[in-house]
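**Q** Quick check, what structure comes out for this input:
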Amino acid sequence: ALPTKLRLLVRHCKSKVDSINYIIGGSQVLDRQLMEQLEQICPNMEFILYYGATELNYITYCTGKEWLDREGTVGRPFPSVQIEEQNGVIYVTTKHHIEGIPDTYTVNDCGYIDREGYLMFNGRQGDVINKGGYKISIPEMELYLQSLQGV
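**A** Predicted coordinates:
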């Protein structure tokens, strides 16, 4: 489920939902407040976050706990997928890509791999605005705005 849909669940759910065992999310930036609210509303759920690209299919995944412990991560690679970072750009090697692109490919997403092998996602190249010499990350700004009460 997209975080946008999960926010609707949190907003409209009046009581705990014990029957939800798994939620798989991706495709948008996730924030700590949403994850904590989901844990309260769905106490039996296991949350799985995935990161992927249309051209490359699924790339990485992590549990909700892993994400809370390493905010900003999109997880570790799926089996048979390799990731590497070159000058801040993420390159993926996979056999599960669409036809017509090389086995190692980038969609110009930016990030780095931490010491434990987790991919830390920083956004897409071009998602940074230069305002008066200051670099402003659109995904980081989105996370900040989502943390504000009433937004």
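**Q** pLDDT value on the residue of the chain positioned farthest from its centre, please?
**A** What lies farthest from the middle of the chain is residue 132; by CA atoms, centre = their mean that is 29.0 Å. pLDDT for residue 132: 78.
**Q** helices and strands of this structure: which one bottoms out on pLDDT?
**A** Of all helical and strand segments in the chain, the minimum by mean pLDDT, DSSP states H and E falls on strand 128-131, at a mean of 74.
**Q** how would you label the most centrally placed residue in the chain: helix, strand or coil?
**A** Central residue of the chain (CA atoms, centre = their mean): residue 74, 4.5 Å from the mean position. Secondary structure, DSSP: H, G, I helix; E, B strand; the rest coil: residue 74 is strand.
**Q** Give me the pLDDT for it.
**A** For residue 74, pLDDT reads 94.
**Q** show me what contacts it?
**A** Contact analysis of residue 74 by CB atoms under 8 Å, 6 or more residues apart in numbering lists 49-51, 59-62, 111, 118-121. Just so you know, the C-beta spots here come from the backbone N, C-alpha and C atoms, and that holds for glycine as well.
**Q** switch to 10 Å and redo it
**A** Residues near residue 74 by CB atoms under 10 Å, 6 or more residues apart in numbering: 26, 30, 49-52, 59-62, 67, 83, 90, 109, 111, 118-121.
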